[in-house]
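Enquirer: make a model of this:
(3 chains)
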Amino acid sequence: MAEKYELKTKEVWDGNTAASHALRQAQVDVVAAYPITPSTPIVQNYSSYLADGYVDGEFVMVESEHSAMSACVGASAAGGRVATATSSQGYALMVEVLYQASGMRLPIVMTVVNRALASPLNIHGDHGDLYLGRDAGWIHLIANNPQEAYDMTLCAFKIAEDEDVRLPVTTNQDGFLVSHTAQIVEPLDDETAYKFVGDYKQKNPMLDFDHPVTYGAQTEEEWHFEHKARQHKALMDSPKVIEKVFAEFKELTGREYKLVESHNMEDAEVAIVAMGSNYETAKIAADEARKAGIKAGVVCPRSFRPFPIKEMAETLKNVKAIAALDRNCPMGTIGALHNEVAGAINAFGQNAIITGYIYGLGGRDTTVAHNLEVFKDLAMNAEAGKRVTPLQKFINLRGPELSFFKVGE
Amino acid sequence: MQLYVRWHSRAGQGAVTGAKALAEVMSQQGKYVQAYSVYGAEKRGAPMMAFDKISDEPINDHSKGINPDYILVIDPSLVFNPEILNDTHENTKFIVTTHMSKEELLAMPQAAHLKGKNLFVVDAIKISQEDIGRAMPNTPILAAFIKISEVVSPESFLDTMKVILSKFPQKIIDGNIKAMTRAMEEVK
Amino acid sequence: MATPTERLENWDEFEIGAVLKSFDENGNYSRDHSKTYKVADWRVEKPVFNRDICIDCDMCWVACPDSCFIVEEVVNKRGKKQANIVGIDYDHCKGCAVCVEVCPTPIKSLLMFPEFEDNNNALANWPKKEKKDK
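Expert: Prediction:
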């Protein structure tokens, strides 16, 4: 039996520490990892807790991230609670196996610390890796500060392992801005946290020798489509479970999470949609914009996959102008989040003016003032009743203004 | 109340740990905190910065830049870098480690940028070498900051530091307490 | 198609994760188990096993990709337990001939014959060792 870890009701933790304590409290059976900046401390801390007797489990050291996720797939199919962490290039190397994990319906939890993808090499935060795993069949939860990194990781186990879901989940936090920024985190005590997550419920475990199973079947054109459609349905249905788990979590902690988070949206005429730490920075900008007479609000999808299409449209139904902020260079389109939001509002017959902004690549600082500039653009579009600003702009980019699809071009 | 502190250090001198310790101390006082650092892929010895944001309200701003109320310079050579003045305001207080007196330091042409500034000096390197046994100037500078800023009483500061340091051997804890007490006395 | 039409289930009917169970709820081999999946009609030629020449090296047992070699535990003349090859499971043999390839006896104890050839006939016509004149 693992030893109890003494925690204060208020700890000063960075996002990595917060996520690693969640792994410890969930009593993860197997962590297989190949540590990479900035997520290294998550698995490093887990191995320390293991060595110090605070968790009963196994830490498997492997020779690459591809092997790390492969070992996670094996351990999860064998019937254990499994977790790992990665970032950036490591995430990229895992991608092949991410699809295996979701296709085999293995409830692995991966705490991702978002970091830019090379080249050029960069260790700081952007959402390049998150977007890389977008279509891999995982649930992607977004945490905007260390408290949420802790909360989302605990919830992730409960969501992934639910019998109606049985899908792997990533929890995402911005590299350095959350992962290495110490803030106040109110953890649950070990017993309460474990009780919330619950005992691991096995499904078709390979180590059940009385009921042998085969994982990794080949399915050609007569089977593959049906399997993928079923997997997609599980993902599309998962918001019910996500909301149920969030409701239980609120009951326990008083902290409320929704599929779509929003700030000042009740009467907002213009809105920024953003994921990650800039959601919180933009909230301050929205408050300041209101002082300047702009009815500004901010929106954040709590789950990037499944994308809360209906809830997103509902939240944005009364706004006149929307800016979707993508912390990733879309390389040939307007932006993943922009396209999701545009699709969502279009699907429900809404016609707000929507523009895209690229920001924060490789950890580039994005301030309240930068977000305020976006609100000023939005106010111009709302005022004109049509798009008068470029379709795509870049925030805090050095050099002459870079934008695409200027009006009149 | 909002308070911004920027640490100037070299990687390996403990600025990140110092900034987190300050955050811990202030959180014990019921404040909201953010402690973070800015560094690249540099190695030990490269100049770097760490930051503390302290507030009565929850801190939502995740941008890195601040207008510091306090500048803590924990490496003696960084005192001569005019960049320590970046984004400061007229009331910013500078607490720097140096073996010189304030007058000797200000007499140096390389320190001209500090003239007329709200300057405090303490030899955190020497204190840490003598009392802790190695050049780890983070805790003495933190103590000097506590003394100058009066954000928390020296007694409750030292009590919290004992808890933070509790994972270390008793000898290290005692050395740090001694060094911090001395820094609070010697900072001028 | 490899799957018989009557076995093609709809997307909402099968086990999630493409997991295949070996046994059904009654403990019988499931239809997904290879035991119940017969591939005899895949063969054009079949291997025939000649017990009289076999030295029980078990190379065919190791090499067979479908575990088609039926073994029997016997006690040898030194009183030790040993696995004897006694025959071929023709329900699961696809006729790949790997067993013939690995058989090490000077005259093979496994040879490929046309599917319609009677096994007794095949054994009667087995190649003989040529006697060298001294």
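
Enquirer: what mean pLDDT does stretch C:12-25 have?
Expert: Stretch C:12-25 shows a mean pLDDT of 92.

Enquirer: who are the neighbours in contact with the one residue sitting closest to the centre of chain C?
Expert: Nearest to the mean C-alpha position of chain C, by Cα atoms, centre = their mean, lies C:C68 at 2.4 Å. Residues near C:C68 by Cβ atoms under 8 Å, 6 or more residues apart in numbering or on different chains: C:I88, C:D89, C:Y90, C:H92, C:C93. The C-beta positions use only the backbone N, C-alpha and C, and glycine is treated the same way.

Enquirer: I figured the third one hits C:K46, correct?
Expert: Yes. Taking Cβ atoms under 8 Å as the contact criterion, C:Y90 and C:K46 are neighbours in contact, 6.8 Å apart.

Enquirer: which one of these two is surrounded by more residues?
Expert: C:K46 (21 against 16; other Cβ atoms under 10 Å in any protein chain shown).

Enquirer: about what we covered before: check the contacts of C:C68 and tell me the two furthest apart.
Expert: Farthest apart among those by Cβ to Cβ are C:I88 and C:H92. That separation is 9.1 Å.

Enquirer: that older thread, now a PyMOL select for only the buried ones of the contacts of C:C68.
Expert: Of the contacts of C:C68, the buried ones can be selected in PyMOL as follows, counting by 16 or more other Cβ atoms under 10 Å in any protein chain shown:
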select buried, chain C and resi 88+90+92+93
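
Enquirer: C:R51: neighbouring residues, count only.
Expert: Neighbours of C:R51 using other Cβ under 10 Å come to 12.

Enquirer: now, which of the contacts of C:C68 sits nearest chain A?
Expert: For chain A, the closest of these turns out to be C:H92, at 16.1 Å, with distances computed as Cβ to the nearest Cβ.

Enquirer: and that closest one, what pLDDT?
Expert: On the pLDDT scale, C:H92 gets 95.

Enquirer: that one reaches C:T36, doesn't it?
Expert: No. C:H92 lies out of contact with C:T36 (Cβ under 8 Å); the separation is 10.2 Å.

Enquirer: what residues sit buried inside the lengthiest helix in chain B?
Expert: Among the segments of chain B that qualify as a helix by DSSP state H, the longest is helix B:170-186. For helix B:170-186, burial by neighbour count (16+ other Cβ under 10 Å) applies to B:I173, B:G175, B:N176, B:I177, B:A179, B:M180, B:T181, B:R182, B:A183, B:M184, B:E186.

Enquirer: and the residue of chain B most remote from its centre, how far from chain A?
Expert: Ranked by distance from the centre of chain B (Cα atoms, centre = their mean), the top residue is B:P109, with 24.2 Å. For B:P109, the distance to chain A (Cβ to the nearest Cβ, to the nearest Å) stands at 33 Å.

Enquirer: where does pLDDT dip in the chain?
Expert: No chain was given, so I picked chain A. For chain A, applying pLDDT under 70 flags the ranges A:1.

Enquirer: meant chain C actually
Expert: Applying pLDDT under 70 to chain C picks out residues C:1-2, C:131-134.

Enquirer: and the strands in it, which stretches?
Expert: Taking DSSP state E, the strands of chain C run over residues C:20-21, C:45-49, C:69-75, C:81-88, C:110-114.

Enquirer: check which helices and strands the fourth one sits against.
Expert: Using 3 or more Cβ pairs under 8 Å, 6 or more residues apart in numbering or on different chains; DSSP states H and E as the contact criterion, the secondary-structure elements in contact with strand C:81-88 are strand C:45-49, helix C:59-63, strand C:69-75.

Enquirer: alpha carbons only: can I get the first one in CSV?
Expert: This file holds the C-alpha atoms of strand C:45-49, laid out as CSV (Å, rounded to 0.1, in the frame of the first residue of the first chain):
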residue,chain,number,x,y,z
GLU,C,45,-1.2,-28.7,-52.6
LYS,C,46,-1.0,-30.4,-49.2
PRO,C,47,1.9,-31.7,-47.1
VAL,C,48,1.9,-35.4,-46.4
PHE,C,49,3.7,-36.6,-43.3
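
Enquirer: tell me the angle it makes with strand C:110-114.
Expert: 140 degrees (axes from the mean of the first three to the mean of the last three Cα atoms, to 10 degrees).

Enquirer: now the angle from strand C:45-49 to strand C:69-75?
Expert: Using the same axes, to 10 degrees: strand C:45-49 against strand C:69-75 is 10 degrees.

Enquirer: what pairs with strand C:45-49, parallel or antiparallel?
Expert: strand C:110-114 (antiparallel) (DSSP bridges).

Enquirer: cool, the longest one as well?
Expert: Taking DSSP bridges as the criterion, strand C:69-75 pairs within the sheet with strand C:81-88 (antiparallel).

Enquirer: just the helices and strands packed on strand C:81-88: most buried one?
Expert: By mean neighbour count, with neighbours taken as mean count of other Cβ atoms under 10 Å in any protein chain shown, strand C:45-49 ranks first of the helices and strands packed on strand C:81-88 at a mean of 20.

Enquirer: give me the contacts around it.
Expert: Contacts of strand C:45-49 (Cβ under 8 Å, 6+ apart): C:85, C:87-88, C:90, C:93, C:95, C:97, C:99-100, C:109-115, C:117, C:119, C:122-123.

Enquirer: now which of those would you call buried?
Expert: Among these, those buried by neighbour count (16+ other Cβ under 10 Å) are C:85, C:88, C:90, C:93, C:97, C:99-100, C:109-113, C:122.

Enquirer: quick one: which of those residues is nearest chain A?
Expert: Nearest member of those to chain A, counting by Cβ to the nearest Cβ, is C:C93, at 20.9 Å.

Enquirer: so how far is C:S30 from the closest residue to the closest one other than its chain neighbours?
Expert: Once flanking residues are discounted, C:C93 sits nearest to C:C68: 4.5 Å by Cβ to Cβ, 6 or more residues apart in numbering or on different chains. Applying Cβ to Cβ, to the nearest Å, the value for C:C68 to C:S30 is 20 Å.
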